[in-house]
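Q: Predicted model and sequence follow; I will ask about them next.
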Amino acid sequence: MMEQNKIPQATAKRLPLYYRFINNLNHQGKKRVSSKELSDAVKVDSATIRRDFSYFGALGKKGYGYNVEYLLEFFRKTLDQDETTDVALIGVGNLGTAFLHYNFMKNNNIAIKMAFDSDPKKVGTTISDVPVYHIEELDDKLGDIQVAILTIPASEAQSMADHLIEQGVEGILNFTPARITVPPNIRVHHIDLAVELQALVYFLKHYPLTTDEEEEEE
Ligand SMILES: NC(=O)c1ccc[n+]([C@@H]2O[C@H](COP(=O)([O-])OP(=O)(O)OC[C@H]3O[C@@H](n4cnc5c(N)ncnc54)[C@H](O)[C@@H]3O)[C@@H](O)[C@H]2O)c1
């Protein structure tokens with residue numbers, strides 16, 4: 001990955017968001033984009049965008065904006081768009097099934113390759129071309145997959161994470177409300193809808209958005 005270490009984590013997290021939008025612009029044949037346009041589209045304030053983009057070596061010109069092709073090339077390299085990353089999904093219930101149906105990652109060269117469940121009724125089925133195996137087949141089937149999505153009951157999360165790590169998984173996207181403990185070399189990202197909603201409501205109440213932006217166009 002290109003100069004990934006120099007990019008602050010908060011900036012890196014916004015990369016996929018930028019990538020998706022810039023990719024769309026490119027498909028529409030657009031050659032340049034202003035920080036204001038970007039800001040409106042991805043809902044990140046334009047000062048943050050300018051700071052983020054300065055890490056990418058993309059310096060917008062006043063009255064011109066950013067070069068779409070340059071940005072796209074940079075994002076592709078940085079996000080390893082040229083390589084495919086396979087992901088395993090653990091738990092084909094309400095949430096897991098929805099993720100399999102909505103092939104949300106097809107443009108990003110990241111794909112859910114296989115899914116696991118303990119329910120015999122689900123094992124042996126295929127959802128959007130993704131085979132569902134029994135969880136006991138995990139060691140045989142996982143291969144060199146290093147990323148897993150956890151959509152199992154919270155009570156199963158820790159032991160499942162331990163097992164996945166034993167099998168070589170290095171990154172876990174945890175949708176269960178359980179806070180799992182992992183060794184320092186393993187990365188866990190936790191997505192909790194309830195917490196996100198609470199945060200949104202809190203911000204609405206205490207930090208109302210204003211409409212007058214002190215915009216400085218680039
Ligand atoms: N993060 C969020 O925004 C969000 C939203 C809804 C639910 N959740 C959480 O996501 C998880 C899944 O929710 P759901 O509604 O899909 O639940 P669900 O009960 O519909 O699905 C859970 C699935 O996991 C399977 N399972 C159980 N134990 C297993 C094991 N040991 N190995 C493999 N598979 C196993 C079950 O057979 C079932 O298919 C829960 O922890 C829930 O709290 C998170």
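A: Nice, thanks for sending it over.
Q: So which residues on the protein come close to the ligand?
A: Contacts of the chain with the ligand, taken as CB under 6 Å from any ligand atom, map to 90-96, 116-119, 122, 135, 151-154, 156, 175-177, 191-193. (Glycine included, C-beta is placed from N, CA and C.)
Q: Just these: which are in strands?
A: 90, 116-117 (DSSP state E).
Q: So for the residue of the chain found nearest the ligand, what's the pLDDT?
A: Using CB to the nearest ligand atom, the closest approach of the chain to the ligand is made by residue 93 at 1.6 Å. We have a pLDDT of 98 for residue 93.
Q: could you flag which of the residues of the chain next to the ligand are buried?
A: Neighbour counting by 16 or more other CB atoms under 10 Å classes 90-92, 95-96, 116-117, 122, 135, 151-152, 156, 175-176 among the residues of the chain next to the ligand as buried.
Q: quick one, domains of this structure?
A: According to automatic domain parsing, the chain is divided into the following domains: 4-78, 85-196.
Q: Which among the ones you listed is found nearest to residue 205?
A: Proximity to residue 205 (CB to CB) singles out domain 85-196 among the domains of the chain, at 15.2 Å.
Q: quick one: terminal-to-terminal distance for the closest one?
A: 27 Å (CA to CA, to the nearest Å).
Q: do stretch 23-43 as well
A: 17 Å.
Q: looking only at pLDDT, what's the mean for that stretch?
A: Averaged over stretch 23-43, pLDDT sits at 90.
Q: Give the buried residues for it.
A: Within stretch 23-43, the residues scored as buried using 16+ other CB under 10 Å are 23, 25, 32-39, 41.
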